[in-house]
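Asks: model this:
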Amino acid sequence: MEDVKISVSQFAVIVMIYTIGTTILVIPSGLAADAKQDAWLAAIIGVVLNLLVVCLYNRVGDHFPNMSLTTYNEILFGKWLGKLFSLVFIFFAFVGATTVLFYMGNFVTTQVMPDTPIQAVNLIFGIVVVMGVRLGLEAIARAAEIFFPWIILLFIMLVVCLVPEIQFEKLQPMFTVGYKPLIKAVMSVAGTSSLPFIVLFMVFPVHVNQNQKAKKAFLIATLFGGLLFVMITFLCISVLGTKITERHMFPSYVLAKQINIGNLLERVEILIAGIWFLTVYFKTTFYFYGFVMGLAQILNIKDHRPLVLPLGMILVVYSLVVYPNVAYMSEFDTKAYIPYVITIGLVYPLLILGVGAIRKPMSKNKNAE
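Replies: Got it, this is the predicted structure:
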């Protein structure tokens, strides 16, 4: 795995898909609950915050251009403390993979196939995730490159068909929400779309060609993916209204049900489902990839493939118990998840920068002596 490299364009596609992921289906509901009709404004501010987070990650990546995060932890913090930080990191990746897998199973069993048990959905989806991770990073990146044009095509079809349904009066009154709900909404955007980028430190920058170009692609891809999310949020508020968006768990899926062109083109909500199936697959895969590769490096195992199947079995089982029910999921996502992801996705990288800045002068002094 040390010799695997992906192109800058492949990395950009991965970042865009990772940004879209669960964000376009789930987050508009939370934004409408917090920011009401200003949810689209919170989404725009959230994209700006995403770019700042990526700038931070680019800076952190400069500290270990030729190694993964788990390897750098042991160099920076020492063997045992470094392994402890790595365990916290891979646990975050594992929990991320299980929660996203639960989202997928919950969506399919409540919206698409209500008579199908969630165990069957999670098992089938988990098998495909395991296959992808076992084939390796190059195969996953090429698959993302193949599916990305279809994701964009489905998205464009969705937006074009919904333009006639926009009602600007549903966006009024504007700028009436206080700053506290707006800040909460912005943090939920960053917590879902950009702070989980820390998992990509198992890929970036060590497995990406042309480090400087990759950093620029990281920013551009985050901006582009964020714009797609802003468009979905704007459509949810302007077509469905604040109350309907807030009430539904998957408002963008309900949004697609509003498409009706001359009583000929209707009931095409599977478009948004198709976008979500593809993007969530890659998001789950990279969460799981970070978990598997991180554990392999902590245990000094050169080949990660023997770990994939047993860890995949644990992934599927834990995805069925990570949220006991939907009410628990909603409570966790609104109260516990944001502090958790800020700790891993923001405080931890800042700690790496701080310790790295201290250790660098110390190493220079030792070399001088």
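Asks: Would you confirm that I301 belongs to a helix?
Replies: No: assessed with DSSP: H, G, I helix; E, B strand; the rest coil, I301 is coil; it does not lie in a helix.
Asks: Would you check that it makes contact with L307?
Replies: Yes: at 6.9 Å, I301 counts as touching L307 under the criterion of CB atoms under 8 Å. All C-beta spots, glycine's among them, are computed from the backbone N, C-alpha and C.
Asks: Output the below-cut-off pLDDT ranges for the stretch 1-150 of the chain.
Replies: The stretch 1-150 of the chain contains residues with pLDDT under 70 at 1-2.
Asks: which stretches of it form helices?
Replies: 8-20, 23-35, 39-61, 69-77, 79-107, 118-135, 137-162 (DSSP state H, counting those that start in this stretch).
Asks: Redo these as JSON lines? Include mean neighbour count and distance to V199.
Replies: What follows is the helices of the stretch 1-150 of the chain, written out as JSON lines (neighbours: other CB atoms under 10 Å; distance: least, CB to CB, whole Å):
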{"stretch": "helix 8-20", "mean neighbour count": "24", "distance to V199": "8"}
{"stretch": "helix 23-35", "mean neighbour count": "25", "distance to V199": "15"}
{"stretch": "helix 39-61", "mean neighbour count": "20", "distance to V199": "11"}
{"stretch": "helix 69-77", "mean neighbour count": "21", "distance to V199": "9"}
{"stretch": "helix 79-107", "mean neighbour count": "20", "distance to V199": "5"}
{"stretch": "helix 118-135", "mean neighbour count": "18", "distance to V199": "13"}
{"stretch": "helix 137-162", "mean neighbour count": "17", "distance to V199": "13"}
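Asks: Identify the residue nearest V322 in space, chain neighbours excluded?
Replies: T98 (4.6 Å; CB to CB, 6 or more residues apart in numbering).
Asks: now the one you found: how far from G178?
Replies: As judged by CB to CB, to the nearest Å, T98 and G178 stand 35 Å apart.
Asks: ok, I301 and L307, which is more surrounded?
Replies: Ranked by neighbour count (other CB atoms under 10 Å), I301 and L307 place L307 first, with 18 against 14.
Asks: show me the contacts for the more buried one.
Replies: V292, L295, A296, I301 (CB atoms under 8 Å, 6 or more residues apart in numbering).
Asks: With A144 instead?
Replies: A144 neighbours (CB under 8 Å, 6+ apart): Q10, V13, I14, I17, F282.
Asks: any idea how far the closest residue to it other than its chain neighbours is from K257?
Replies: Ranked by CB to CB, 6+ apart and with sequence neighbours excluded, the top spatial neighbour of A144 is V13, at 5.0 Å. Per CB to CB, V13 is found 29 Å from K257.
Asks: And for T116?
Replies: From T116 to K257 the distance is 20 Å (CB to CB).
Asks: And the residue nearest to V322, how close does it get to V317?
Replies: Counting by CB to CB, the gap from T98 to V317 is 9 Å.
Asks: Repeat that for V355.
Replies: If you go by CB to CB, the gap between V355 and V317 works out to 36 Å.
Asks: With V15 instead?
Replies: Distance from V15 to V317, by CB to CB: 30 Å.
Asks: For the contacts of L307, which two are the farthest from each other?
Replies: V292 and I301 (10.0 Å; CB to CB).
Asks: which residues sit in contact with the closest residue to L346 other than its chain neighbours?
Replies: Nearest non-adjacent residue to L346, counting by CB to CB, 6+ apart: L195, 6.3 Å away. With contact taken as CB under 8 Å, 6+ apart, L195 is in contact with V53, V341, I342, I344, G345, L346.
Asks: What remains of the residues you listed if I keep only buried residues?
Replies: Buried members of the contacts of L195, counted by 16 or more other CB atoms under 10 Å: V53, V341, I344, G345, L346.
Asks: G356 and H63 touch, don't they?
Replies: Yes: at 4.9 Å, G356 counts as touching H63 under the criterion of CB under 8 Å.
Asks: Next, show the common contact partners of the two.
Replies: With CB under 8 Å, 6+ apart as the test, G356 and H63 both reach L76.
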